[in-house]
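Undergrad: heads up, no residue letters with this:
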């Protein structure tokens, strides 16, 4: 066995929870001193937020007031407090251990990194926007140094390390089997499994009182809603970028400490309650922020997220690459526009009730799905992708030419169908503003609540279909169509059902989309364009969020909508940003932000699923969907 260097041996210790896992600091320092430096850095960073960071109000957030944090100072304050209390939990302080269930310092390190990133970004942005470091007050320098001290202290804490490669350095048994890849994977899996179960022994949240479990779930969703509205409420891209840094790395840190896994166990143990609370939290969104612009963004996210869920059946569950899926959204939108009483419709005297228009849109999209799928689904891979891409372009060209000149007058060509009337459901006109006590719901807030109902219905359809016999057949086709066919699965029939169901869900969302926009034109229904929805946007939402999951496409759609909206400088580089995000996801997290358990195990063999959630199932719990 190769000997480790003397310095590494001196700094490396054995984990208390698992003898096969080692911990080692990145910066050599006595453990007591490392803890002291970490806490001193946290206190200094917290104190700096109550000091003035700059002398002028020209920088967003007004950082000129002593004793009252504002703007990005609030984010630094939250990050420093969270890092401090999680560090105390990792140090074994009674009453705070639940914040760090794994007793690992990795979460402390990542939270300190989030605080450092937000603080240094703020200081550098002040210097860049105002013309140099001379524009910083003493509080800014204290924050800069305090965050650095905090991060340095966490680097000196023992950090959990994963087992080394099978060269025999740390694990001689791996070295002996280095030539046998199967044996190496098996030994790694056993070590990961032992580590997983040792961490679970620290605390099991499912042993809490049932009512306390429900209280924790409700509190987490309420905090999540508050965090969301805080980020949307800011009008400055500077503050939002700092918010992204803190939230992204902070969630990563809490996940490293095991807190996210424990919350997932709670929601799995209380599925119905968690799903109900998640829907209530989502419904509270228009009440939590009284802004029609963000209500419009919310309904757009739900529409695109719902369409992405339909695409997720085709791409995520069945494994078929569809590059023209936005056409089914267009079919539903045009169908609803034709039968909803618009004076520009060829049937201007016809006005279906909304439920009838929605069913008609779904049926039309389903028919188109079957007509396109029947002759093409015998193709595989790139050939199928090319055919679906062609269908998307054919749809746009056809509706663009049905103007009475180049073809029959049905869609009015480039002018589209305008003045689609607002919906009225049981006498409640969604186009009007309604007051409920001190709350006011505008037009887009009304449509947001309507679309939320449809999203819940689509989630239920997706989860029931994925857990059914046909859903298991979809997964079998995705994994190996030849093997699935040999086992008696009718691959063509199964894929056609997936295509038709996915098209129907997109058509349903299209019927609401037509009423929200008040008009339907051919321009949005392209493969790629500056304005969503388009096929590339939908596919990016599924891949970014996590294929085969419920919450993944909704989260992906939200991120792809909100981030360009809040960061103005990305508007000119939107497609470049999409491409870069997909490259980073494919490199570092190919299973997506919210992974399907099966795909996660395929990409990361050492990842072990939680108890009571076998790796053969898909992550299709409705709780995750609503929580996103």
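TA: Received the coordinates, thanks. Just so we're clear, the structure is a prediction, and the values are computed from it rather than from any experiment.
Undergrad: and the strands in this structure?
TA: Assigned by DSSP state E, the chain shows strands spanning 13-14, 22-24, 159-161, 424-425, 428-429, 434-436, 439-441.
Undergrad: what's around residue 82, how many residues?
TA: Residue 82 is flanked by 22 other residues according to other C-beta atoms under 10 Å. C-beta coordinates here come from the backbone N, C-alpha and C atoms, glycine included.
Undergrad: can you tell me the closest non-neighbouring residue to it?
TA: Distances taken as C-beta to C-beta, 6 or more residues apart in numbering place residue 111 nearest to residue 82, at 5.7 Å, with adjacent residues excluded.
Undergrad: do I have it right that that neighbour meets residue 83?
TA: Yes - using C-beta atoms under 8 Å, residue 111 is in contact with residue 83, at 4.1 Å.
Undergrad: let me know which of the strands of the chain is the nearest to residue 61.
TA: With C-beta to C-beta as the criterion, residue 61 lies closest to strand 439-441 of those, at 27.3 Å.
Undergrad: strand partners (parallel or antiparallel) of the closest one?
TA: strand 434-436 (antiparallel) (DSSP bridges).
Undergrad: next one: the strand it pairs with to chain centre, how far?
TA: Centre-to-centre, strand 434-436 and its host chain are 32 Å apart (C-alpha atoms, centre = their mean, to the nearest Å).
Undergrad: can you check stretch 311-331 too?
TA: The answer for stretch 311-331 is 19 Å, by C-alpha atoms, centre = their mean.
Undergrad: what is the mean pLDDT for the lengthiest helix in the chain?
TA: The residue-count maximum for a helix in the chain (DSSP state H) belongs to helix 491-517. The average pLDDT for helix 491-517 rounds to 90.
Undergrad: quick check: end-to-end length of stretch 409-424?
TA: Stretch 409-424 has an end-to-end distance of 28 Å (criterion: C-alpha to C-alpha, to the nearest Å).
Undergrad: how about it: buried residues?
TA: If you call a residue buried by 16 or more other C-beta atoms under 10 Å, then stretch 409-424 has these buried ones: 410, 411, 412, 413, 416, 417, 418, 420, 423.
Undergrad: could you dump the residues you listed to TSV with pLDDT and distance to residue 378?
TA: As requested, the buried residues of stretch 409-424 are exported to TSV (pLDDT from 0 to 100; distance: C-beta to C-beta, whole Å):
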residue	pLDDT	distance to residue 378
410	85	31
411	85	31
412	84	36
413	84	34
416	86	35
417	87	35
418	87	40
420	87	38
423	84	41
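Undergrad: nearest to residue 226, of the residues you listed?
TA: Distances from residue 226 to the buried residues of stretch 409-424, taken by C-beta to C-beta, are shortest for residue 423, at 30.7 Å.
Undergrad: OK, contacts around the closest one?
TA: Shown in contact with residue 423 (C-beta atoms under 8 Å, 6 or more residues apart in numbering): 354, 429, 430, 431, 450, 515.
Undergrad: select only the buried ones of these in PyMOL?
TA: A single PyMOL command selects the buried members of the contacts of residue 423 (16+ other C-beta under 10 Å):
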select buried, resi 354+430+450+515
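Undergrad: about what we covered before: show me the one of the strands of the chain that comes nearest residue 46.
TA: strand 159-161 (23.5 Å).
Undergrad: so the closest residue to residue 158 other than its chain neighbours bridges to which residues?
TA: With C-beta to C-beta, 6+ apart as the criterion, residue 158 has its nearest non-adjacent residue at 3.7 Å, and that residue is residue 23. In this entry, residue 23 is beta-bridged to residue 13, residue 160, by DSSP bridges.
Undergrad: any idea how far residue 324 is from residue 23?
TA: In this view, residue 23 and residue 324 are 51 Å apart by C-beta to C-beta, to the nearest Å.
Undergrad: more crowded one of those two?
TA: residue 324 (23 against 18).
Undergrad: re the thing from before, now distance to residue 501 too, for the buried residues of stretch 409-424, in TSV please.
TA: As requested, the buried residues of stretch 409-424 are exported to TSV (distance: C-beta to C-beta, whole Å):
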residue	distance to residue 501
410	26
411	26
412	30
413	31
416	28
417	27
418	31
420	26
423	25
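Undergrad: what is the nearest of those to residue 219?
TA: Closest to residue 219, out of all of the buried residues of stretch 409-424 and judged by C-beta to C-beta, is residue 423, at 35.2 Å.
Undergrad: list the contacts of residue 368.
TA: 327, 328, 331, 503.
Undergrad: could you dump these into CSV with neighbour count added?
TA: Below are these laid out as CSV (neighbours: other C-beta atoms under 10 Å):
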residue, neighbour count
327, 28
328, 35
331, 25
503, 32
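Undergrad: now those in a markdown table, with distance to residue 63?
TA: Output for these, formatted as a markdown table (distance: C-beta to C-beta, whole Å):
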| residue | distance to residue 63 |
| --- | --- |
| 327 | 49 |
| 328 | 49 |
| 331 | 52 |
| 503 | 52 |
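Undergrad: need the residue closest to the centroid of the chain.
TA: residue 555 (3.2 Å; C-alpha atoms, centre = their mean).
Undergrad: where does it land on pLDDT?
TA: pLDDT, read off for residue 555, is 89.
Undergrad: please apply the same query to the one 4 residues further on.
TA: We have a pLDDT of 86 for residue 559.
Undergrad: any weak-confidence spans in the protein?
TA: Segments of the chain classed as low confidence (criterion: pLDDT under 70) are 1-22, 161-206, 530, 571, 598-628.
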